[in-house]
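Peer 1: quick one, fold the following:
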Amino acid sequence: MTDPTTGKAPQTTPFRTFSVDGESRTDTTHRVQIVESITPIAGRSFIDIGACDGYEARALAVRGASRVVALEGKQVHWEQAVRAAEALGIPNHQAILGDLREIERYDLGSFDCVCCFGVLYHMSNPFNVLKRLAHVTEDLLLLETHIAPEPWTEAELLPKHQGALLHGTRTLYLDGARFEGRICIHRGEHAVSKGSLDENWTFWLTASSLAKALTRAGFSILEWHHELDAQTPDTIDKRGRELGLGYANTKILVVAKIDPARRQPITPGTVSSDAAGTMPPRIQETLLDRLYFNAARVRRRLRL
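Peer 2: As a prediction, the model looks like this:
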């Protein structure tokens, strides 16, 4: 398989190993076991959005999915996904090099289940992305993402979040609709990191704004897992702890069902600080942000 933009074949052949129930595995992941607890895999079609090296997509294919597409935006990760799938000889698996923000360009059709794990918080306009995902969702959306932390959780955040999130909740207008969230600054080289494709900042929606974005995009929320408590299903409780669901690192898992009649038209994404769309968002670090980041560094050093 070749990259349609360069005509060159990928060169690497990596496999990712996971420790699942104390065993090293390449045919399953913690997330796939959560997927299995929510929906049948055999005979159903899946797309793994922001698939990285395709490890989740491969596990779904091995479990008998009728069709699995791994959509990845970074060349280096896409190459890994292609080579690993070819080495395993998985005929029901396809790796696509493409930009989620323009998913309609690839004419992929629709899927019984859309898996969007660890991707949405890498977007500056998550609402526009959800509207696009609605058009490739035939039944379910499984969404794992970060949400903007509540002020009272600041001291419990993981160090990497303490050093990336600008201080305070902000209001942005995404495609003209009002949302609340936190701006996250991404550092490092875009081409090889697991961050955004080409932006140095993203917008983490608050819990209420994420619910608003999902419902306005055409989804109905079936399950919402953030706190892990006595009401959490066993598999999500067990694997969710390994994935970090909960307040301290702000991860959340949502199961949503598409209502085709409520899908919105796909339009170019817009992000502004005012409803008229005339003011771009301010993302510069303020003095308060700098003091916050410096305090976070001191706390990290004291823990070492």
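Peer 1: ranges for the helices of the stretch 1-150 of the chain?
Peer 2: Here the stretch 1-150 of the chain has its helices, by DSSP state H, counting those that start in this stretch, at 30-38, 55-62, 75-88, 126-134.
Peer 1: other SSEs contacting the longest one?
Peer 2: Under the contact criterion of 3 or more CB pairs under 8 Å, 6 or more residues apart in numbering; DSSP states H and E, the helices and strands touching helix 75-88 comprise helix 55-62, strand 67-72, strand 93-97. C-beta coordinates here come from the backbone N, C-alpha and C atoms, glycine included.
Peer 1: so which elements touch the last one?
Peer 2: In terms of contacts (3+ CB pairs under 8 Å, 6+ apart), strand 93-97 is packed against helix 55-62, strand 67-72, helix 75-88.
Peer 1: which one, of the helices of the stretch 1-150 of the chain, ends up nearest to A275?
Peer 2: Closest to A275 of these, according to CB to CB: helix 126-134, at 14.0 Å.
Peer 1: quick one: the closest one to chain centroid distance?
Peer 2: Helix 126-134 sits 12 Å away from the centroid of its parent chain (CA atoms, centre = their mean, to the nearest Å).
Peer 1: same deal with stretch 202-219?
Peer 2: 13 Å.
Peer 1: just to revisit the earlier point, okay, the helices and strands packed on strand 93-97 in TSV with mean pLDDT next?
Peer 2: Formatted as TSV, the helices and strands packed on strand 93-97 follow (pLDDT from 0 to 100):
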stretch	mean pLDDT
helix 55-62	94
strand 67-72	97
helix 75-88	90
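Peer 1: now tabulate these in a markdown table and tack on distance to P233 and mean neighbour count.
Peer 2: As requested, these are exported to a markdown table (distance: least, CB to CB, whole Å; neighbours: other CB atoms under 10 Å):
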| stretch | distance to P233 | mean neighbour count |
| --- | --- | --- |
| helix 55-62 | 19 | 26 |
| strand 67-72 | 24 | 26 |
| helix 75-88 | 29 | 21 |
